[in-house]
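Enquirer: what follows is a predicted protein model with its sequence.
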Amino acid sequence: MRLIRRIMKGLFLLLATAVAAVVVWLAVAPPALLRVGTGYAAKIVCSNVFIAGRDPDQVLRVDVQAPGHPLLKLVGLDTDRENKRVTARLLGLIAPNSAVYREGLGCASAPDGGGAMAGPIPAPVLEQVAAAPADVPWPDGEAATPADPRLGAVLADATLAGPGMRAVVVIKNGRLVGEAYGDGFSATTPLLGWSMTKTVNAAIIGRLMTEGRIALDDRDLLPEWKGDGRTAIRIRDLFAMESGLAFNEEYGDVTDVTRMLYLEPDMAAFAAARPLATEPGKAFSYSSGASVLLSKIWMNRIGDRDVALGYPREALFKPLGMTSAVVEADEAGTFVGSSYMYATGRDWARFGQFLLQDGVWKGERLLSEGFVAAMQRPTRASGGTYTEIQAWAVGPGDEPDSRFGLPDDTFWVAGHDGQTIAVVPSKKLVVVRLGLTPSKLGYRPQLLVKAIADALD
């Protein structure tokens, strides 16, 4: 019996030592995948707390843990409201990662603890944009015109709105004719657009094009590309996702896109270091890295840091009255033009209406003729699904719009987890649909848009 007890005691000590060693290893040198998870949690919570004013524990539970990997249920938060920092850890100890809020720039993932923020990029002083008048009808103000009664049944249909719907806004003939919001959300809640940010970033570049500061066929875009084949990459190649740069956009593991978003303080430097995989302008490969590079390139063209940081607001958001819009920057101060813009449903609708009006707002042409047409024109390299300038020729599921009975001129601004703006010029219709709806659920907003179009016809 003594021998058995000694053996059992030895095994127990061995097991305890092994567990302690694993805990120390995870605490000191956690696998990158765990830091991606905590980085994602910190970033989502930070933005929703300091931009949208939501409760951090609710955001962690509903936005991060419920739809995410089971390991995310082990994540705990430290929300420092005084310093506007959120830190996430597994089991309160393992794989810490942070996000930090800067006024006017939203939250930045801070995988190095925020060290890159210490010198080069303090928060800029940006001119405050006056709130839209509450008693003036949309789009000039925030007063909604009377809801069209024909939309009542459509907007109340949970199947059409889809699981996790947070906002639906309907614009017909330039008027806000209907809207609906999920529990806990309203017309004043800024919501993340994910990859819809790519199209907004493209419109910002479009504004610079009208000023003659940048052109579609510009080459030699970054100094670090001099002397190799990447000098041949044009702005139009980055717009069409045909840059030829190697970039893995798969999610759920440590890939180029997840490393860039949650483990790199300077996202543009990471994306710029990718080698060529194919000749520029020849093959389609969806890449958030390309959109971050576009941000870096247009900010370089402006040159002055403070002017560049204020440019989206001055050139686009202020003219359109998008007072809630915030494009977030990374630690190094580059706008994350691939993924991170927050705005209310009504402000996303202003952007959609701007595209429907061919880049004209209140009689002023803000985008040159042909720019929005290129957002509608599908590319051959993408198989007809993506367009020449950062938009989709078909809706979620890559299914032709005609399959759902939608007009051929429909085009889409779309993002992760069910964010869409459907623009239907022939019907003078814009439908914004925002939510938390993972693609695995198979939701198709085309059905909602078709039902709305039919009701209003």
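Expert: Sure thing, it's come through.

Enquirer: contacts made by stretch 36-46 with the rest, please.
Expert: With contacts defined as C-beta atoms under 8 Å, 6 or more residues apart in numbering, stretch 36-46 is touched by 56, 59-60, 63-64, 68-69, 71-72, 75, 77, 79, 84-90, 95-101, 107, 109, 111, 192, 254, 258-259, 261-263. Placement of C-beta: from N, CA and C, glycine included.

Enquirer: and Ala414, what element?
Expert: In this structure, Ala414 sits in strand 411-415 according to DSSP states H and E.

Enquirer: ok so, going back, buried subset of the contacts of stretch 36-46, written for ChimeraX?
Expert: Buried subset of these, written as a ChimeraX selection, criterion 16 or more other C-beta atoms under 10 Å:
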select :56,59,60,63,64,68,72,75,77,79,84,85,86,87,88,89,90,95,96,97,98,99,100,101,107,109,111,192,254,258,259,261,262,263
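
Enquirer: show me the contacts of stretch 36-46 that map onto helices.
Expert: With helices identified by DSSP state H, the entries of the contacts of stretch 36-46 that belong to them are Pro56, Val59, Thr258, Arg259, Leu261, Tyr262, Leu263.

Enquirer: pick out the most distant pair among those residues.
Expert: In the ones in helices among the contacts of stretch 36-46, two members sit farther apart than any others by C-beta to C-beta. They are Pro56 and Arg259, at 25.1 Å.

Enquirer: how about the helices in the stretch 351-457 of the chain?
Expert: Taking DSSP state H, counting those that start in this stretch to define them, one finds helices in the stretch 351-457 of the chain at 371-376, 445-456.

Enquirer: and these as a markdown table, adding mean pLDDT and distance to Gly363?
Expert: Conversion of the helices of the stretch 351-457 of the chain to a markdown table gives the following (pLDDT from 0 to 100; distance: least, C-beta to C-beta, whole Å):
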| stretch | mean pLDDT | distance to Gly363 |
| --- | --- | --- |
| helix 371-376 | 98 | 16 |
| helix 445-456 | 98 | 25 |
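
Enquirer: of all the ones you listed, which lies closest to Gly337?
Expert: Each of these was checked against Gly337 via C-beta to C-beta, and the shortest separation belongs to helix 371-376, namely 15.2 Å.

Enquirer: can you give me the buried ones in that closest one?
Expert: Buried residues in helix 371-376, counted by 16+ other C-beta under 10 Å: Phe371, Val372, Ala374, Met375, Gln376.

Enquirer: which strands and helices sit next to it?
Expert: helix 196-210 (3 or more C-beta pairs under 8 Å, 6 or more residues apart in numbering; DSSP states H and E).

Enquirer: quick one: list the elements packing against the next helix or strand after the helix it packs on.
Expert: Under the assignment DSSP H and E, the closest C-terminal helix or strand after helix 196-210 is helix 235-239. Here helix 235-239 touches helix 288-302, going by 3+ C-beta pairs under 8 Å, 6+ apart.

Enquirer: hey, C-alpha coordinates of the helix it packs on in CSV?
Expert: The C-alpha atoms that make up helix 288-302 are tabulated as CSV, following Å, rounded to 0.1, in the frame of the first residue of the first chain:
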residue,chain,number,x,y,z
SER,A,288,-8.0,43.6,-46.2
GLY,A,289,-4.3,44.3,-46.4
ALA,A,290,-4.8,46.0,-49.7
SER,A,291,-7.3,48.4,-48.2
VAL,A,292,-5.0,49.3,-45.3
LEU,A,293,-2.3,50.0,-47.8
LEU,A,294,-4.7,52.3,-49.6
SER,A,295,-5.1,54.2,-46.4
LYS,A,296,-1.4,54.5,-45.9
ILE,A,297,-0.9,55.7,-49.5
TRP,A,298,-3.6,58.4,-49.4
MET,A,299,-2.4,59.6,-46.0
ASN,A,300,1.2,59.8,-47.4
ARG,A,301,-0.1,61.9,-50.3
ILE,A,302,-1.5,64.5,-47.9
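
Enquirer: okay, now the domains of this protein?
Expert: Structural domains annotated on the chain: 32-110, 169-456, as defined by automatic domain parsing.

Enquirer: mind putting these into a markdown table with distance to Pro149?
Expert: Below are these laid out as a markdown table (distance: least, C-beta to C-beta, whole Å):
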| stretch | distance to Pro149 |
| --- | --- |
| domain 32-110 | 31 |
| domain 169-456 | 9 |
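
Enquirer: quick one: closest of these to Arg150.
Expert: domain 169-456 (4.5 Å).

Enquirer: show the end-to-end separation of that closest one, please.
Expert: With C-alpha to C-alpha, to the nearest Å as the measure, domain 169-456 spans 14 Å from end to end.

Enquirer: got the phi and psi for the closest residue to Gly206 other than its chain neighbours?
Expert: With sequence-adjacent residues excluded and distances taken as C-beta to C-beta, 6 or more residues apart in numbering, Gly206 is closest to Leu367, at 4.3 Å. Listed backbone geometry of Leu367 is phi -120, psi 140, with angles given as degrees, to the nearest 10.

Enquirer: ok, Leu367 - contacts?
Expert: Counting by C-beta under 8 Å, 6+ apart, Leu367 makes contact with Ala203, Gly206, Arg207, Met209, Thr210, Asp358, Gly359, Val360.

Enquirer: just the pLDDT for it.
Expert: Leu367 carries a pLDDT score of 98 in this model.
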